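*Asks:* My questions concern the predicted model and sequence given below.
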Amino acid sequence: MLQPPLAALSELERILQLAGDRVDVRVACDVAADGASLPVYVVTMGNPSPSVPAIGFFGGVHGLERIGSEVVLAFLNSLVMRMGWDHTLHQQLESMRMVFMPVVNPGGMQLGTRANPAGVDLMRNAPLDAVEPVPAWVGGQRFSPRLPWYRGVEGEPMQPEAQALCEVVERELTSRAFSMSVDCHSGFGVRDRLWFPYAHTRQPMAHLAEMYVLQRIYRQSYNQHPYVFEPQSLQYLTHGDLWDHLHAQLPDTEAQVFLPLTLEMGSWLWIKKNPRQLFSRLGIFNPLIGHRQQRVLRRHLAFLDFIARAACSASSWLPQGSYRHAMHAEALQLWYD
């Protein structure tokens, strides 16, 4: 069954109690909603040295998409439980940094809205305009916070939740030579998709070869997998994408590799099996039946574990020299030809 609005925060706090001093916790900001002050937690573990690779896991950017937070929380819970017995995990954490923001938008989750309490869609809020035409409305609009996909007032600072996410990424991830992130969402079609930048242009990203090799080693490791791996621009363009903005802020894309991924879970799979979900706003974005929710959690944990291992072992698969040029050419042919 679908959990109450802030069950995700309660679950996170339960996990943090179990973890104790094995993780570091701080509150990036507090958000007011329905008269309550809700914390945006940041959880870190592993080696804090800036010389090691890092990966971040994010969920709940859109308050309606609770399943994104639940997937990140399930993975965090698995890691905390394994810390009690898994020597291999401890060796992995000695070689990398892991960062979690499982509930980026607790106010929107409390209110049952895609946007935050101010009516702003956090994934349209970055100060970045698309360089090519975007689809009406879904690409981002500045007409009214009462309408979906509202970007916020032009020229104003980003919303506190968006600023908190960007500060965590810049502090913990993109300050390193290599980092990755996975942002968990739902609500697009009947396939699970792994999107990567860009959303504001159809031009390829600077780290296209690295992204191509990442999906290649994943396909080699899991030849039976459910994901479509592609740039978001193959589906539609948007203004204000936070991950585009953060990637564009890299001062030197040769010295710093940052590979942000968005896991877009195909919620129409759940609706196809339970058409009555169409009559529930939450049902359009989340599995409402308990056993389907458990199946979704199991479905994606293997990928999150893979991507963490890939970040830890980046030096063994990152393309170099002529091989990188060859992989870039193959990626262009696959995604942009």
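*Replies:* Noted; the coordinates are in hand.
*Asks:* Now V40: which helix or strand?
*Replies:* Assigned by DSSP states H and E, V40 falls within strand 36-46.
*Asks:* Which neighbours in the sheet does that strand have, and how are they oriented?
*Replies:* Within its sheet, strand 36-46 is paired with strand 24-33 (antiparallel), strand 97-101 (antiparallel), according to DSSP bridges.
*Asks:* Pull out the buried positions in that strand.
*Replies:* By 16 or more other Cβ atoms under 10 Å, the buried positions in strand 36-46 come out as L38, P39, V40, Y41, V42, V43, T44, M45, G46. The C-beta positions use only the backbone N, C-alpha and C, and glycine is treated the same way.
*Asks:* first to last residue in stretch 226-242, what's the distance?
*Replies:* 25 Å (Cα to Cα, to the nearest Å).
*Asks:* Buried ones in it, by neighbour count?
*Replies:* Buried residues in stretch 226-242, defined by neighbour count with 16+ other Cβ under 10 Å: Y227, F229, P231, Q232, S233, Q235, L237, T238, H239, G240, D241, L242.
*Asks:* and which of those is nearest V52?
*Replies:* V52 lies nearest to L242 out of the buried residues of stretch 226-242, by Cβ to Cβ, at 24.2 Å.
*Asks:* now the closest one, nearest residue through space, not along the chain?
*Replies:* The shortest distance from L242 to any non-neighbouring residue, by Cβ to Cβ, 6 or more residues apart in numbering, is to A126 (4.9 Å).
*Asks:* Am I right that that neighbour is in a strand?
*Replies:* No. Using DSSP: H, G, I helix; E, B strand; the rest coil, the assignment for A126 is coil, not a strand.
*Asks:* Show me the shaky parts of the protein.
*Replies:* Applying pLDDT under 70 to the chain flags residues 1-5, 188, 267-268, 270, 277-279, 283, 286, 288-289.
*Asks:* let's see 50
*Replies:* Residues of the chain meeting the criterion pLDDT under 50: 1.
*Asks:* Can you show me the helices along it?
*Replies:* 7-19, 66-82, 87-94, 106-111, 160-168, 208-221, 242-248, 268-273, 290-312, 321-335 (DSSP state H).
*Asks:* which residues touch D244?
*Replies:* If you count contacts by Cβ atoms under 8 Å, 6 or more residues apart in numbering, D244 has them with A126, L128, P197, Y198, A199, H200.
*Asks:* so which of the residues you listed is the most crowded?
*Replies:* Neighbour counts for these, by other Cβ atoms under 10 Å, peak at A199, which reaches 30 neighbours.
*Asks:* list the contacts for that one?
*Replies:* A199 touches A130, Q232, S233, Y236, L237, T238, D241, W243, D244, counting by Cβ under 8 Å, 6+ apart.
*Asks:* What is the burial count for the nearest residue to L165 once chain neighbours are set aside?
*Replies:* Setting aside the residues directly before and after it, L165 is nearest to V104 in space (Cβ to Cβ, 6+ apart), at 5.7 Å. Neighbourhood size, V104 [other Cβ under 10 Å]: 31.
*Asks:* likewise S78?
*Replies:* 17.
*Asks:* F258 against S175, yeah?
*Replies:* No. With contacts counted by Cβ atoms under 8 Å, F258 stays clear of S175, the gap being 10.0 Å.
*Asks:* The two: which has the busier surroundings?
*Replies:* Taking other Cβ under 10 Å, F258 and S175 do not tie; F258 has more neighbours (26 against 13).
*Asks:* what's the spacing between L234 and V138?
*Replies:* 15 Å (Cβ to Cβ, to the nearest Å).
*Asks:* Same question for L297.
*Replies:* L297 sits 28 Å away from V138, going by Cβ to Cβ.
*Asks:* Compare the two (neighbour count), which wins?
*Replies:* Looking at L297 and V138 with other Cβ under 10 Å, you find the greater number of neighbours at L297, namely 18 against 14.
*Asks:* quick one: contacts for F58?
*Replies:* By Cβ under 8 Å, 6+ apart, F58 lies in contact with V72, F100, M101, P102, V104, L165, S181, V182, D183, C184.
*Asks:* Excluding chain neighbours, what is closest to the fourth one?
*Replies:* What that stands for is P102. Take P102 and drop its neighbours on the chain: the residue closest to it by Cβ to Cβ, 6+ apart is V72, 4.3 Å away.
*Asks:* Isn't the one you found up against F57?
*Replies:* Yes. V72 is within contact range of F57, at 4.9 Å (criterion: Cβ under 8 Å).
*Asks:* For the two, indicate the residue with more neighbours.
*Replies:* With neighbours defined as other Cβ under 10 Å, V72 and F57 compare such that V72 has more, 28 against 25.
*Asks:* Distance of the closest residue to A206 other than its chain neighbours relative to L259?
*Replies:* If the residues on either side of it in the chain are set aside, A206 comes closest to T253, at 4.0 Å by Cβ to Cβ, 6+ apart. From T253 across to L259, the span is 11 Å (Cβ to Cβ).
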